[in-house]
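>>> Sequence and predicted model, in that order:
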Amino acid sequence: MSNSDGTCSSEDLAETAGVTSAQVRKDLSYLEGHGTRGVGYDREDLKQQIRKALGLTSVHPVVVIGAGNMGAALANYKGFEKWGFDIVAVLDVDEERIGTRVDGLMVEPLRRLEQIVIDQGVVIGIIATPPSVAQSVSDRLTSAGVKSILNLAPTSLKTDDDVSVRRVDLSTELGILAFHLQS
């Protein structure tokens with residue numbers, strides 16, 4: 001997808017994205033950086049412009065609530081760092097998990113949630129709890145000022161309109177994959 005000189009063309013990008021080169025040029029025209037006719041786009045500049053447009057140029061402190069298998073796996077995942085997501089705390093209610101370490105972070109008691117959000121400047125909360133407590137955790141996150149939540153609990157959350165919630169249900173995702181196997 002790139003030339004040896006560090007550039008890529010709208011045709012290269014279009015082929016990768018499955019759209020037309022005209023659509024790529026139109027979409028990229030909304031970014032601050034521009035390509036050069038006959039040369040293409042500087043890859044590093046284009047990556048930076050896309051990161052800026054997506055809000056990924058600064059560090060976003062994240063708290064994980066639930067230190068079970070899913071929460072621990074997320075806290076251990078190193079891929080978040082390169083996108084500017086910094087897991088600053090992992091919380092749980094289980095006395096056997098509190099005080100243990102997950103990727104160098106000590107699991108803290110859930111009762112400290114609000115103080116951690118304030119102290120660490122948390123802007124995103126990840127809920128990896130049983131569904132029965134997910135709503136109360138969401139309520140506490142939003143009351144503390146968190147406006148973005150990734151919900152991994154298999155339940156829907158009710159929040160104010162100014163709170164962004166993304167629900168990830170792995171069972172649903174697997175069901176979609178199973179459907180595509182039939183094709």
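Perfect, thanks for sending it.
>>> Map the structural domains onto the sequence of the protein.
The record assigns the chain these domain ranges, following automatic domain parsing: 7-53, 60-173.
>>> Export the ones you listed as CSV, with columns for mean pLDDT.
Converted to CSV, the domains of the chain look like this (pLDDT from 0 to 100):
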stretch, mean pLDDT
domain 7-53, 84
domain 60-173, 96
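>>> looking at these, which is buried most?
Comparing the domains of the chain by mean neighbour count (mean count of other CB atoms under 10 Å), domain 60-173 comes out on top with a mean of 17. The way it works is simple: take the backbone N, C-alpha and C, and place the C-beta from them, glycine included.
>>> hang on, residue 125 in a helix?
No. When DSSP: H, G, I helix; E, B strand; the rest coil is applied, residue 125 is found to be strand, with no helix at that position.
>>> how far does the longest strand anywhere in the chain sit from the chain's center?
In the chain, assigned by DSSP state E, the strand with the most residues is strand 85-92. When C-alpha coordinates are averaged (CA atoms, centre = their mean, to the nearest Å), strand 85-92 and its chain have centres 13 Å apart.
>>> check which helix or strand covers residue 64.
Counting by DSSP states H and E, the secondary-structure element that holds residue 64 is strand 60-65.
>>> Which strands and helices lie in contact with that strand?
On a contact count with 3 or more CB pairs under 8 Å, 6 or more residues apart in numbering; DSSP states H and E, strand 60-65 meets helix 69-76, strand 85-92, helix 113-120, strand 124-127, helix 131-143.
>>> Columns distance to residue 48 on top of these, output as a markdown table?
Listed next are those as a markdown table, based on distance: least, CB to CB, whole Å:
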| stretch | distance to residue 48 |
| --- | --- |
| helix 69-76 | 27 |
| strand 85-92 | 18 |
| helix 113-120 | 26 |
| strand 124-127 | 22 |
| helix 131-143 | 31 |
